[in-house]
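> What follows is a predicted protein model with its sequence.
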Amino acid sequence: MSKCVCIITEFRGGNFRRVSHEVASEGKRIADALGADLCAVAIGSGVSASAADLGRYGVKKVYVADDPALESYVAETYVPVAAEIVKKCDPAVVILPASVDGKDLGARLAARLDAALAQDCTQLVCEGGKLRARRPVFAGKCFTWCEWAEGALPLVSCRPNVMDCLLPSEGEKAEVEKVDLAIPAARSRVLGLDLDTSGKVELTEAEIIVSGGRGLKGPENYAMIEELAQVLGAAVGASRAAVDAGWRPHSDQVGQTGKVVNPNLYIAAGISGAIQHMAGMGSSKFIVAVNKDSEAPIFTKADYGIVEDLFNFIPLFTEEVRKLKATCS
């Protein structure tokens, strides 16, 4: 039997994040191609109660580190624990999410495990028993394929909302093994906190995102963006210009220095389309741009472009969506 394929999950607020199911599904496909089993690393506070449910996505065994000190991601506590469990698994491949936490964890694990990291991958394939990974480079202008040298441990982070999730198998349970490890005390003054308690949709996992930019003219006008997002069941995003102006928190920023998103639908209202922004949302499946400047760069990336003042279009569009949903309910 080949070595296992190991995934590292994310457990927040009492649940596995959707991206954990995505990496499990991708891990299952890679494991099948290699003739190996799929195992998982589950770290968090209260994660033991949900760990067996990963079996619905093809995981055979889950190694669990459950401790109140692991409730939030802090590198000094998470990384040593994750590294020890991965060593215990002795995997052929390690896959984790390229989320905000996952990117940090992946880089640190690569150093600890002497592994070769391919970050923010959008496609994984196995050819002749060897793994290849496709990832964007030069701010998403092109893609490159990565391969690993003989004997190197492939460590891969997968971009959220890109990999297809397997349909969960009802009733399937994974074997759970609790790992007894001493949790290192954080020596720095960094405190991990989940500040967003509003229950709003997480940008990196949202299927629909409505973003506003400088064209909104002020923070008060984000009310119309939030209203449209509420009607659509969408997340609210922002351009860097809006964040730098103090109109929105940095957690809402979409772009190269913000969050990279891949929704099914991305609506850009009053966003001109700077390279930095398009690097963060250019892989969205459908892009709708609303801008009164017909020469705005965003239109070169948009699938649908509306050359109109957003203050006229967004309220009308919101009302039409509301009417449509009322007739369908």
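Noted; the coordinates are in hand. No experiment lies behind these values; they were computed from the predicted model shown. Numbers count the residues shown, from 1 in each chain.
> How is this structure partitioned into domains?
For the chain, automatic domain parsing gives the domain ranges 5-178, 203-328.
> Of the ones you listed, give the one that comes closest to Ala186.
domain 5-178 (4.3 Å; CB to CB). Just so you know, the C-beta spots here come from the backbone N, C-alpha and C atoms, and that holds for glycine as well.
> what's the first-to-last distance across the closest one?
For domain 5-178, the first-to-last residue distance is 19 Å (CA to CA, to the nearest Å).
> ok, and what's touching whichever strand or helix holds Leu316?
Assigned by DSSP states H and E, Leu316 falls within helix 310-328. The contact list for helix 310-328 (CB atoms under 8 Å, 6 or more residues apart in numbering) reads 215-216, 221, 224-225, 227-228, 231-232, 269-270, 290-292, 306.
> May I see the domains of the chain arranged in a markdown table, with distance to Pro184, mean pLDDT and mean neighbour count as well?
Output for the domains of the chain, formatted as a markdown table (distance: least, CB to CB, whole Å; pLDDT from 0 to 100; neighbours: other CB atoms under 10 Å):
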| stretch | distance to Pro184 | mean pLDDT | mean neighbour count |
| --- | --- | --- | --- |
| domain 5-178 | 5 | 93 | 19 |
| domain 203-328 | 27 | 94 | 19 |
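> TSV please, covering the ones you listed and showing distance to Ala185.
As requested, the domains of the chain are arranged in TSV below (distance: least, CB to CB, whole Å):
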stretch	distance to Ala185
domain 5-178	8
domain 203-328	28
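> Which parts of the stretch 201-329 of the chain are strands?
Along the stretch 201-329 of the chain, counting by DSSP state E, counting those that start in this stretch, strands occupy 208-212, 235-238, 265-269, 286-290, 304-306.
> could I get the ones you listed as TSV with distance to Phe143?
Output for the strands of the stretch 201-329 of the chain, formatted as TSV (distance: least, CB to CB, whole Å):
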stretch	distance to Phe143
strand 208-212	22
strand 235-238	23
strand 265-269	19
strand 286-290	18
strand 304-306	24
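> wait, which of these is closest to Lys88?
Closest among the strands of the stretch 201-329 of the chain, once you apply CB to CB, is strand 235-238, at 36.8 Å.
> Identify the residues contacting the closest residue to Asn15 other than its chain neighbours.
Using CB to CB, 6 or more residues apart in numbering and skipping the chain neighbours, the partner closest in space to Asn15 is Ser50 (6.9 Å). Counting by CB under 8 Å, 6+ apart, Ser50 touches 11, 14-16, 42.
> what's the farthest-apart pair in these?
So, those by CB to CB: farthest apart are Gly14 and Ala42, at 12.8 Å.
> Can you tell me which of the strands of the stretch 201-329 of the chain is nearest to Leu181?
When the strands of the stretch 201-329 of the chain are compared by CB to CB, strand 235-238 sits nearest Leu181, at 35.4 Å.
> Now do the closest one: everything it contacts.
200-203, 206, 208-213, 222, 225-226, 229, 247-248, 252-254, 259, 261, 263, 281.
> Bridge partners for Lys130, pull those for me.
Bridge pairing for Lys130 (DSSP bridges) gives the partners Glu127.
> Next one: it from Ala152, what distance?
11 Å (CB to CB, to the nearest Å).
> repeat for Ala115
Counting by CB to CB, the gap from Ala115 to Ala152 is 7 Å.
> who are the neighbours in contact with the residue nearest to Ile298 when sequence neighbours are not counted?
Residue nearest to Ile298 in three dimensions, not counting chain neighbours: Gly273, with 3.0 Å by CB to CB, 6+ apart. By CB under 8 Å, 6+ apart, Gly273 lies in contact with 289, 296-301.
> Beyond the helix or strand containing the residue nearest to Asn15, next helix or strand please.
Per DSSP H and E, Ser50 falls inside helix 48-51. Downstream of helix 48-51, the first helix or strand assigned by DSSP H and E is strand 61-66.
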